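Peer 1: show me how the following folds:
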Amino acid sequence: MAFSDCKLALFDFDETLSAADSLLWLFSSLMPSLKGEIHQNLPPKMPWLEWQNHYFQELQSRGHEACDVLGLVENLPMQSGVGELMCLLRAQGWTVVIVSDSNSLVIGRAMHAHPVLKSAVSAVYTNVASIRKGRIEVTQCPGFQFAEGKHFDKAVVVQDLIKTMKPVRKIFVGDGNNDLAGVQQLTKGDVAFARSGKPLEKRIAEHRGELTCEAVVWESLEQVRAHVAAMYPVPPTEELSKDRSTTRVYKTPYTWKQLGWSLSILGALAAAAPFNAGLTAMSLLASRVIRRQKPATKGTVFITGGKMTKSLFTCRAFKEAGYKVILAETADYYFSAHQWSTAVDKFVLLPEHGNTTEGLQRYADALAEHLRKEKCDLFVPVAHTMDVEGDALIPDIMKDTNCKLWTSNASVVKMLNDKSAFLLCAGDAGLPVPRFYKVSTQQQALDVLRNLKEDRISFFLKGLEVDPINRSKIRCAPLDEADLVPYVLDHDIRPDSEFLIMEFVKGKEYCTTSVVHDGNVLVHTTSPSSAVQLNYEHFDSEAVLNWVQAFSETFGTTGTLSYDFLMRDGVPYAIECNPRMHSAVVNFHGKDTKSALVEAYVNPEKFVSAKPVQPAPSTKETFWTYHELSRIIKLQVNTPRKAWSWLKRVVTGRDALW
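Peer 2: Predicted structure coming up:
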């Protein structure tokens, strides 16, 4: 049987799809001491939108950041059977719409935690919640003319949907008093599902004589599913059995060819050791005799991430500006060569943390002790992926300090460092990001991809864990149902190894790094990028800069932040945030821009009202010599055009280290 696309399934959200009133649950969870007051002030004692904004402001005043509040919403309990019902509705061809007087941020975050629900819902009509300077603000649902005194009228919304879509059949699933307005728009052949023991059941009984639709009382969504299944039977689809879903794992084996290549590189490096030693000795001599460093008269800066080129670049910038430079790295990188740079006055080791809560606290405590002991004026994290959350603990440890701490607090950094949470927050701020769904089981992934129907060929599975081997390998989902199960089984999706089903955005890739203070972008660079990038040159993109400025202002971030973008039709889509300095910082190698970079860290107030400092368009491209030599060894410079491009880069550009 062919199903019409014009069957409309309408759902309330609170206590219909969710098992609790979302806002009462949220406020009571975060402010249990105000639980009685919250219930006393329920409308009509306080207008509904005013009520929401009042308690969001209360949360803010008690130290609850917007990202913390929204993160908790993902734990909102949902009705059992919601995923199964959504899969059936999509299979039958229903258009699923939520009509609720909650707000967009709460509903969006709750649906994110339930990807099958999220993938089935075509639209949500509710009050609009937005984030401004870290605060959540709620305004009335736009696009409708509600009667005076009504903040949200489901009758008006449902009437508009019916007029626009002209559905051949409708269902409405709800529980509350105000759901009756939606039910009253149903006609003969439609079905109203009222939750047992809730106000809607009583209201339908009171108005039974004027309603022409069928009315069904439900206690569980499974009952709704059974009733809808009888309306339009569908053939069963293949599901993943427990044993089958764990038999295959998508991994790229380490081949003999790769092993041989690795050994050859090690051999080449060993052969080049005498040359390297001689070059290093000559450079050291020249730095001692010719390039005398300025005396450290301006203060002390503490820089982390000692093993990376970007940390060496930052050390040199501060040393040239007249600062005492202390460089730090975790204990397992005790032999980092950067400690012997003339730009480094002292090298310290921090304890390994293993990315555990206890380990990160030990790391942060040791870091704070060094900052106090050395009487540091500036703390500039140039951190590794795993270290940023430890660095972000410093503001809480050193609340009373004169040292400028260039990091946001732990909750903001944790959000930025989580691919899924970052994309959610960027979307909450109204900024362009690819569509995505977070899944924790292979069955979830299969259900979501089926709900996407023909659109699924524009999505691919991407692991949330760092995968340096497969990071550049993208396989979009197949359209053929017969290929869909094998595709999902080729990915090792588990609760402890979650994946994103992410929209594939075709376009050029760019990376950025920015110095941001209290939501103001002070210094910024954009650079063309790729999955594995070791060449950087500044690219002036107003669209990317505007995106970064809007996000920074929304969440009031502080620190050195980096973003990855894909540019489609002139619109930048953010795909990832790294709450740390990016290697693209080498674009500031010019004398003036390097000086401005240091000044931004030292005196951020001077830059707040000015346009962000960026490298000049004529800035030389930066490369790593050994990476360029590897291009020749790997026969990548194999055409005259590529050879000319390579030669031009090496001759006119600059090496990142030397």
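Peer 1: going by C-alpha atoms from here, please, whenever you check contacts or count neighbours.
Peer 2: Will do.
Peer 1: residue ranges for the helices of the stretch 551-658 of the chain, please.
Peer 2: Per DSSP state H, counting those that start in this stretch, the stretch 551-658 of the chain carries helices over the ranges 591-602, 625-633, 640-652.
Peer 1: okay if I get the ones you listed as CSV plus mean pLDDT, distance to V116 and mean neighbour count?
Peer 2: Converted to CSV, those look like this (pLDDT from 0 to 100; distance: least, Cα to Cα, whole Å; neighbours: other Cα atoms under 10 Å):
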stretch, mean pLDDT, distance to V116, mean neighbour count
helix 591-602, 95, 45, 18
helix 625-633, 81, 44, 13
helix 640-652, 89, 47, 13
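Peer 1: these into JSON lines, with extra columns for distance to V413?
Peer 2: Formatted as JSON lines, these follow (distance: least, Cα to Cα, whole Å):
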{"stretch": "helix 591-602", "distance to V413": "19"}
{"stretch": "helix 625-633", "distance to V413": "32"}
{"stretch": "helix 640-652", "distance to V413": "36"}
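Peer 1: so what touches stretch 576-587?
Peer 2: 309-310, 313, 381-385, 388, 413, 416-417, 419, 422-423, 511-514, 525-527, 536-538, 559-565, 615, 619-622, 656 (Cα atoms under 8 Å, 6 or more residues apart in numbering).
Peer 1: closest to F460 out of the helices of the stretch 551-658 of the chain?
Peer 2: helix 625-633 (29.7 Å; Cα to Cα).
Peer 1: which residues touch the closest one?
Peer 2: Contacts to helix 625-633, defined as Cα under 8 Å, 6+ apart, come from residues L534, V637, W646, V650, D655.
Peer 1: mind listing what the third one touches?
Peer 2: Looking back up the chat, that one is W646. The contact partners of W646, taken as Cα under 8 Å, 6+ apart, are E628, V637.
Peer 1: so how far is G278 from it?
Peer 2: Going from W646 to G278 by Cα to Cα, to the nearest Å gives 26 Å.
Peer 1: likewise K257?
Peer 2: According to Cα to Cα, K257 stands 32 Å off from G278.
Peer 1: tell me the contacts of H114?
Peer 2: G83.
Peer 1: quick one, what contacts L85?
Peer 2: L221, E222, V224, R225.
Peer 1: where does it land in three-state SS?
Peer 2: When classified by DSSP: H, G, I helix; E, B strand; the rest coil, L85 comes out as helix.
Peer 1: picking that back up, export the contacts of L85 to CSV and tack on pLDDT and distance to W25?
Peer 2: As requested, these are exported to CSV (pLDDT from 0 to 100; distance: Cα to Cα, whole Å):
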residue, pLDDT, distance to W25
L221, 97, 21
E222, 96, 24
V224, 97, 25
R225, 96, 26
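Peer 1: so what does the longest strand seen in the chain touch, helix or strand wise?
Peer 2: Criterion DSSP state E: the longest strand present in the chain is strand 121-132. For strand 121-132, the packing partners by 3 or more Cα pairs under 8 Å, 6 or more residues apart in numbering; DSSP states H and E come out as strand 94-103, helix 104-112, strand 135-139, helix 542-555.
Peer 1: hang on, the earlier thing: quick check, nearest of the contacts of L85 to K298?
Peer 2: Lowest distance from K298 to the contacts of L85 (Cα to Cα) belongs to L221, with 67.1 Å.
Peer 1: next, the nearest residue to the closest one once chain neighbours are set aside: phi, psi?
Peer 2: Take L221 and drop its neighbours on the chain: the residue closest to it by Cα to Cα, 6 or more residues apart in numbering is G81, 5.7 Å away. Main-chain torsions, G81, degrees, to the nearest 10: phi 90, psi 0.
Peer 1: what sits against G81?
Peer 2: By Cα under 8 Å, 6+ apart, G81 lies in contact with S220, L221, E222.
Peer 1: okay, and the beta partners of A192?
Peer 2: Note on A192: beta-bridge partners by DSSP bridges are F172, A215.
Peer 1: so who does it touch?
Peer 2: A192 is in contact with I171, F172, V173, V183, L186, C213, E214, A215, V216, counting by Cα under 8 Å, 6+ apart.
Peer 1: just the pLDDT for the first one.
Peer 2: Note for I171: predicted pLDDT of 97.
Peer 1: identify the residues contacting it.
Peer 2: Neighbour list for I171: L8, A9, L10, L186, D190, V191, A192, F193 [criterion: Cα under 8 Å, 6+ apart].
Peer 1: now do the fourth one
Peer 2: Remark: with contacts taken as Cα under 8 Å, 6+ apart, V183 is in contact with F172, A192.
Peer 1: quick one: it from A155, how far?
Peer 2: According to Cα to Cα, V183 stands 8 Å off from A155.
Peer 1: again with the fifth one
Peer 2: Remark: distance between L186 and A155 (Cα to Cα) = 10 Å.
Peer 1: so if I had to pick from those two, which one is more boxed in?
Peer 2: In this view L186 and A155 are compared by other Cα atoms under 10 Å, and L186 has more residues nearby, 22 against 18.
Peer 1: spatially nearest residue to that one (excluding sequence neighbours)?
Peer 2: In this structure, L186 finds its nearest non-sequential neighbour in C213, 6.0 Å apart by Cα to Cα, 6+ apart.
Peer 1: quick check on that neighbour: phi, psi?
Peer 2: Main-chain torsions, C213, degrees, to the nearest 10: phi -80, psi 160.
Peer 1: quick check, pLDDT for it.
Peer 2: At C213, the model reports a pLDDT of 96.
Peer 1: need the contact list for it.
Peer 2: For C213, the contact set (Cα under 8 Å, 6+ apart) comprises L186, T187, K188, G189, D190, V191, A192.
Peer 1: can you flag the buried ones in the residues you listed?
Peer 2: In the contacts of C213, burial by neighbour count holds for L186, T187, D190, V191, A192, counting by 16 or more other Cα atoms under 10 Å.
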